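Sequence isn't available, so here's the structure alone:
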């Protein structure tokens, strides 16, 4: 095969798919990209067995063909290549020549027949979601991570389901690691093929999808079919294979009825959490929040490092509430809110803190209380 393309047409895409091709799997060829040159276009595919990206771009094709080439090395060559027009020529014994003149690379390709098969999914009923809402869904999911040895499906993936809120159907994403939980509702247009069921989408795949959301776009098309979550725009698509398993009943956790709402300045509270978190360590991760009349005192005592105390005026009245939390969870959650004022819903020392907007329930973040040592 032999073709040429403009560097600016695919460099950004090659950068974005490094997260897919960089993921370790039981097949080494998943670190490759598949390039098909046909007609006047090239199609680039990345597939880590969980997330599949395909994109089609304009090219000058002299000889049609298919090759499988290391994604990282190909990206680095294209990124550093001094010219805008780049020639690719497959010579013999799977060797590939990249470039012409004074800058020429020769690298070996793989047998493209070993590249994972791309699922063919047709007749998808796509719904339209505002680009900023889909980006928020990805952020809400991705900020709650997991360790490398995690086995629980509901931690590895995020729940996506349809819910009725004030007689309006919305798309909800729920993400948890059992120590905190984030829940976000987004409006959508169209018919979503979910029925009454819920799905679990891998957090890793959803995070990779987020790289392709154009913040300048008004709406994004997404669909669900044949065990895949599908994202599509003009010349590119991403398919994320769903996880099989059950998601725990999270709804009692996000119920804030009977709790005391305490309005705080988001910026001031986030800055406070950042300061006290300086003294946390792997063995001492919690700070104590003590709410009394119109005042919050935050303390941390770490025998390995030292101690700190901060005070903040808040609109609180009632019986004293004293509880311990991980301050980094507060920082992660508060960064998701755009409102300058948020409500911390508290009940007692053993109950979680439920963070939400003062005016709506579209975004709810739950942080579980820790033992006060």
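Looks like it arrived, so ask away. Bear in mind that the values here come from a model prediction, so they are computed numbers and not experimental data.

burial of residue 16, as a residue count?
17 (other Cβ atoms under 10 Å). (C-beta placed from N, C-alpha, C; glycine too.)

And the nearest residue to it once chain neighbours are set aside, how close does it get to residue 331?
Nearest-residue entry for residue 16: residue 211, 4.6 Å, with adjacent residues in sequence omitted and distances by Cβ to Cβ, 6 or more residues apart in numbering. Relative to residue 331, residue 211 is positioned 23 Å away (Cβ to Cβ, to the nearest Å).

again, but for residue 239
Distance, residue 239 to residue 331, using Cβ to Cβ: 33 Å.

now the helices for the stretch 201-350 of the chain?
Assigned by DSSP state H, counting those that start in this stretch, the stretch 201-350 of the chain shows helices spanning 203-210, 266-276, 327-334.

Point out the most buried one among the ones you listed.
With neighbours defined as mean count of other Cβ atoms under 10 Å, the helices of the stretch 201-350 of the chain peak in mean count at helix 203-210, which reaches a mean of 23.

From the contact counts, what lies against that helix?
Contact partners of helix 203-210 among helices and strands, from 3 or more Cβ pairs under 8 Å, 6 or more residues apart in numbering; DSSP states H and E: helix 18-21, strand 51-58, helix 131-142, strand 157-165, strand 228-233, strand 236-241.

give me the element the residue with the largest distance to the centre of the chain is part of.
Most distant from the centre of the chain: residue 101, at 41.8 Å, with distances by Cα atoms, centre = their mean. Under the criterion of DSSP states H and E, residue 101 resides outside all helices and strands.

And the helices in the stretch 1-150 of the chain, which stretches?
Using DSSP H, counting those that start in this stretch, helices in the stretch 1-150 of the chain cover 7-16, 18-21, 71-80, 131-142.

As JSON lines, those helices with mean pLDDT and distance to residue 359 would be great.
Compiled in JSON lines, the helices of the stretch 1-150 of the chain are given as follows (pLDDT from 0 to 100; distance: least, Cβ to Cβ, whole Å):
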{"stretch": "helix 7-16", "mean pLDDT": "95", "distance to residue 359": "35"}
{"stretch": "helix 18-21", "mean pLDDT": "95", "distance to residue 359": "35"}
{"stretch": "helix 71-80", "mean pLDDT": "97", "distance to residue 359": "44"}
{"stretch": "helix 131-142", "mean pLDDT": "93", "distance to residue 359": "16"}
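
could those helices go into JSON lines alongside distance to residue 308?
Output for these, formatted as JSON lines (distance: least, Cβ to Cβ, whole Å):
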{"stretch": "helix 7-16", "distance to residue 308": "41"}
{"stretch": "helix 18-21", "distance to residue 308": "37"}
{"stretch": "helix 71-80", "distance to residue 308": "43"}
{"stretch": "helix 131-142", "distance to residue 308": "29"}
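
so which of the ones you listed gets nearest residue 36?
Closest to residue 36 of these, according to Cβ to Cβ: helix 7-16, at 13.4 Å.

Please work out how many residues are found near residue 157.
Neighbour tally, residue 157, other Cβ under 10 Å: 26.

scratch that, residue 297 is what I was asking about
Around residue 297 there are 14 residues (other Cβ under 10 Å).

Is it bridged to anything, and to what?
Beta-bridge pairing of residue 297 under DSSP bridges involves residue 290, residue 311.

Now that it has come up, it's in contact with residue 314, right?
No. Between residue 297 and residue 314 there is no contact under Cβ atoms under 8 Å: 10.2 Å.

Which of the helices and strands packed on helix 203-210 sits closest to residue 117?
Closest to residue 117 of these, according to Cβ to Cβ: strand 51-58, at 9.6 Å.

returning to what we had before: per-residue confidence at the residue nearest to residue 16?
Looking at residue 211, its pLDDT stands at 89.

try residue 121
With respect to pLDDT, residue 121 has a value of 81.

That one and residue 314, how far apart?
Distance from residue 121 to residue 314, counting by Cβ to Cβ: 51 Å.

neighbour-wise, which of these two wins?
Taking neighbours as other Cβ under 10 Å, residue 121 and residue 314 compare with residue 314 leading, 19 against 15.

got the contact list for the residue nearest to that one when sequence neighbours are not counted?
Once flanking residues are discounted, residue 314 sits nearest to residue 296: 4.8 Å by Cβ to Cβ, 6+ apart. Residues in contact with residue 296, defined by Cβ atoms under 8 Å, 6 or more residues apart in numbering, are 262, 264, 289-290, 311-314, 316.

Drop anything exposed from these.
262, 264, 289-290, 314, 316 (16 or more other Cβ atoms under 10 Å).

Next, find the distance separating residue 241 from residue 372.
42 Å.

In terms of neighbours, single out the busier of these two.
residue 241 (18 against 11).

Pull the contacting residues for the closest residue to the more buried one other than its chain neighbours.
Sequence neighbours aside, residue 50 is the residue nearest to residue 241 in space, at 5.2 Å (criterion: Cβ to Cβ, 6+ apart). Residues near residue 50 by Cβ under 8 Å, 6+ apart: 23, 202, 204-205, 240-241.

mind running it again at 7 Å?
Neighbouring residues of residue 50 by Cβ atoms under 7 Å, 6 or more residues apart in numbering: 202, 204-205, 240-241.
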